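Participant: coordinates only, sequence not included:
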């Protein structure tokens, strides 16, 4: 239940908003985040549950925990410290994701790749009040990527992409069993997949970009209906300009979809309406929606002739003007100092946008710390607070996410690559849990 939750009906909106009002003087990122709250080596993903707790699943060697390479989980309650909650797979675990729902409920999925062979199992686990349950295999094949999403009541969808461009998914209703995996689509070469979306009523959506024609490609969507399964696909956006390298999406409470394909942002006119281009940004765009579905936000980081700009826009009955969150002139640095630019955004019920970004090295191309920051922006575009999160890792980042909980903190998860002697396998991750 990260960025892409659809809330429907007055009761759902009221329940999501209950107990979330912040004091007028509250610092949205308090206390300042100068220390890492959870660190180690290996890639990580995090999500915030309905009680404000932060769930983290991570892969690889974990420096502060005993044992070799494995898939492990940790949990931090809304107020407290991270503790280990289990080891779930051995050294053959690989790429994974995690989603959360009501209470301390969570779902994770990952790839199990024995001996590094080409065929892998897609495995999943569910965490309820009694802890993590049994591992279930929900698919097999040459799996490249895995995504998870849940709704507030605990329905879950896992989507994975097989080598060769075959997109598959499995769905689990709360308290039920996983469906046999289905094939929503075969995707043309160079296709992109957005994170799946699980709506409140158990309907699931998967959106992808299919590079299927010499002239360009098509953004398409498939839908899972409880009781009847996946039912076909629909063309949403035909031939978006350029060759997209990223795809992100969100739905509001009326099931109007916002799509960011590369630098172009499209918005749907109603649940069954056509898509129109809203605007174009100079760099890849991330999309977020609040848990009531009333507000949508986009964020980006653009390199404009050596000047890096982090910006955001929001939708509520129309797109609001862009807000510049951060800017820095790096034109005097060599090009290799500006790489692995990464940005992500989340939006709270109060309309605050939380934007996290990474901007490459802050100096010539030696082993210098990579910069990671997070900012809170209010509903009228004012930057309320900005925190510098990381100053000690000399690394290339390849994954950064931000999540904001209904009752709990903002979580920023950074994963990347470090070839220094401080990490055994070259990978590292850092998870920050910042109270709001």
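Facilitator: It's in. Computed from a predicted model, the values in this text were never measured in an experiment.

Participant: List the neighbouring strands of the helix or strand harbouring residue 385 plus their orientation.
Facilitator: Assigning secondary structure by DSSP states H and E places residue 385 in strand 383-390. In the sheet, strand 383-390 lines up against strand 370-377 (antiparallel) (DSSP bridges).

Participant: same question for the partner strand, mean pLDDT?
Facilitator: Average pLDDT, strand 370-377: 81.

Participant: so where do the helices sit in the chain?
Facilitator: Ranges of helices in the chain, per DSSP state H, are 9-17.

Participant: Farthest from the middle of this structure: give me that residue.
Facilitator: Distance from the C-alpha centroid of the chain, by Cα atoms, centre = their mean, peaks at residue 332 (32.6 Å).

Participant: confidence score at that one?
Facilitator: Per-residue pLDDT puts residue 332 at 74.

Participant: let's number from 36 now, not from 1
Facilitator: Understood, numbering begins at 36; the last thing we discussed is residue 367.

Participant: how close does it get to residue 342?
Facilitator: According to Cβ to Cβ, to the nearest Å, residue 367 stands 11 Å off from residue 342. In this view, the C-beta of every residue, glycine as well, is placed from N, C-alpha and C.

Participant: Where do the strands of the stretch 36-185 of the chain begin and end?
Facilitator: 73-75, 79-83, 89-95, 105-111, 118-124, 128-135, 141-147, 155-163, 166-167, 171-176, 178-185 (DSSP state E, counting those that start in this stretch).

Participant: cool, the stretch 186-335 of the chain as well?
Facilitator: 191-197, 201-207, 217-221, 227-228, 232-233, 239-248, 251-260, 264-273, 282-286, 292-296, 299-303, 310-315, 320-324, 331-339.

Participant: contacting residues around the third one?
Facilitator: Going back to what we said before, that points to strand 217-221. For strand 217-221, contacts defined as Cβ atoms under 8 Å, 6 or more residues apart in numbering pick out 194, 200-205, 241, 243, 245, 255, 257, 259, 264-265, 268.

Participant: Return the distance of it from the chain's centre.
Facilitator: Here strand 217-221 shows a centroid-to-chain-centroid distance of 22 Å under the convention Cα atoms, centre = their mean, to the nearest Å.

Participant: List the buried residues of it.
Facilitator: For strand 217-221, burial by neighbour count (16 or more other Cβ atoms under 10 Å) applies to 219-220.

Participant: ok, now which ones touch the residue nearest to residue 171 when sequence neighbours are not counted?
Facilitator: In space, and not counting its chain neighbours, residue 171 is closest to residue 159: 5.3 Å by Cβ to Cβ, 6 or more residues apart in numbering. Residue 159 is in contact with 142-145, 170-171, 173, 193, 205, 207, 213, counting by Cβ under 8 Å, 6+ apart.

Participant: one more time with 10 Å, if that's ok
Facilitator: Taking Cβ atoms under 10 Å, 6 or more residues apart in numbering, we find residue 159 in contact with 131, 142-145, 168-174, 181, 183, 191, 193, 205, 207, 213.

Participant: Quick one: buried ones out of the residues you listed?
Facilitator: Neighbour counting over the contacts of residue 159 (16+ other Cβ under 10 Å) leaves 131, 142-145, 171, 173-174, 181, 183, 191, 193, 205, 207, 213 as the buried ones.

Participant: of the residues you listed, closest to residue 313?
Facilitator: residue 183 (27.9 Å; Cβ to Cβ).

Participant: Deepest-packed of the strands of the stretch 186-335 of the chain, please.
Facilitator: Ranked by average neighbour count under the criterion mean count of other Cβ atoms under 10 Å, the strands of the stretch 186-335 of the chain are headed by strand 232-233 at a mean of 28.

Participant: Just grab the bridge partners of residue 337 for me.
Facilitator: Residue 337 has these beta-bridge partners by DSSP bridges: residue 344.

Participant: follow-up on the earlier one: could I get the strands of the stretch 186-335 of the chain as TSV with mean pLDDT and distance to residue 379?
Facilitator: Output for those, formatted as TSV (pLDDT from 0 to 100; distance: least, Cβ to Cβ, whole Å):
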stretch	mean pLDDT	distance to residue 379
strand 191-197	92	19
strand 201-207	94	23
strand 217-221	89	25
strand 227-228	90	16
strand 232-233	92	17
strand 239-248	88	18
strand 251-260	91	20
strand 264-273	91	22
strand 282-286	90	9
strand 292-296	92	12
strand 299-303	92	16
strand 310-315	91	19
strand 320-324	86	5
strand 331-339	84	7
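
Participant: Which of those sits closest to residue 81?
Facilitator: Closest to residue 81 of these is strand 320-324 (Cβ to Cβ; 15.3 Å).

Participant: Next, the angle strand 310-315 makes with the closest one.
Facilitator: Counting by axes from the mean of the first three to the mean of the last three Cα atoms, to 10 degrees, strand 320-324 lies at 120 degrees to strand 310-315.

Participant: distance between strand 320-324 and the chain's centre?
Facilitator: Counting by Cα atoms, centre = their mean, strand 320-324 comes out at 9 Å from the chain centroid.

Participant: now the angle from it to strand 282-286?
Facilitator: Using the same axes, to 10 degrees: strand 320-324 against strand 282-286 is 20 degrees.

Participant: residues in contact with the closest residue in space to residue 351 that isn't next to it in sequence?
Facilitator: Setting aside the residues directly before and after it, residue 351 is nearest to residue 330 in space (Cβ to Cβ, 6+ apart), at 5.2 Å. Residue 330 makes contact with 285, 287-288, 323-324, 349-352, 382-388, 414 under the criterion Cβ under 10 Å, 6+ apart.
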